[in-house]
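Enquirer: Sequence plus predicted model, see below.
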Amino acid sequence: MKLQVTNHDYMNTGGGCMVSIFTIYDVQQNRTLYVLINEDGGALSTADYISTDVEFADNMLIDSFSIDNLKSTDNNFELFRDCFIEHVKKDCRYKHTSYELRFEQLPKELQQQLTPEYREWHEEHIGSYYETDGYKMILDAGFRSKQE
């Protein structure tokens, strides 16, 4: 599939649950799709069943993911990762918080902020999740003090 993001809405569905709804144009099939994302994961669908009165039906769902299980070998990995990161940016700004993601889930520009030395130290002392607000990496102070 050749997909292009044409719109991104970030909204409160009530009760403080924030979601991102991405409108996607499928160039090859000349159709509109939607990526619907919350803090746990999301779905690729043929309809926006969150912000409209459309009732969800199983046949609308094309693919889905849980951020805890998203891997680079998954179908639609890049689409889901890129949309999730855009959701993270809005969510962190709105909630004044950060997210913890595995290295492969980070976009290339954030991966490049981590030196091999830091990654090795982090994986050994902290674990496999990295803190980010979607714009920058939040590095652990323990590594910096060891470098001084």
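Expert: Great, that's in hand. Computed from a predicted model, the values in this text were never measured in an experiment.

Enquirer: drop to CA atoms for contacts and neighbour counts, all remaining ones
Expert: Will do.

Enquirer: OK, contacts around the residue nearest the centre of the chain?
Expert: The residue lying closest to the centre of the chain (CA atoms, centre = their mean) is Phe84, at 1.7 Å. Each residue near Phe84 by CA atoms under 8 Å, 6 or more residues apart in numbering is listed here: 37, 41.

Enquirer: List the buried residues for the helix or strand encompassing it?
Expert: For Phe84, the host element (DSSP states H and E) is helix 77-95. Across helix 77-95, burial judged by 16 or more other CA atoms under 10 Å covers 80-81, 83-92.

Enquirer: Using PDB, write down the CA coordinates of that helix.
Expert: The C-alpha trace of helix 77-95 is given here as PDB (Å, rounded to 0.1, in the frame of the first residue of the first chain):
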ATOM      1  CA  PHE A  77       4.900  -1.000  11.100                       C
ATOM      2  CA  GLU A  78       6.200   2.400   9.700                       C
ATOM      3  CA  LEU A  79       2.700   3.800   9.300                       C
ATOM      4  CA  PHE A  80       1.800   2.800  12.900                       C
ATOM      5  CA  ARG A  81       5.100   4.000  14.400                       C
ATOM      6  CA  ASP A  82       5.000   7.300  12.600                       C
ATOM      7  CA  CYS A  83       1.400   8.000  13.500                       C
ATOM      8  CA  PHE A  84       2.000   6.800  17.100                       C
ATOM      9  CA  ILE A  85       5.000   9.200  17.400                       C
ATOM     10  CA  GLU A  86       2.800  12.100  16.200                       C
ATOM     11  CA  HIS A  87       0.200  11.100  18.800                       C
ATOM     12  CA  VAL A  88       3.000  11.000  21.500                       C
ATOM     13  CA  LYS A  89       4.000  14.600  20.600                       C
ATOM     14  CA  LYS A  90       0.500  15.900  21.000                       C
ATOM     15  CA  ASP A  91      -0.200  13.800  24.100                       C
ATOM     16  CA  CYS A  92       3.000  14.800  25.900                       C
ATOM     17  CA  ARG A  93       2.400  18.500  25.100                       C
ATOM     18  CA  TYR A  94      -1.200  18.200  26.400                       C
ATOM     19  CA  LYS A  95      -0.500  16.100  29.500                       C
END
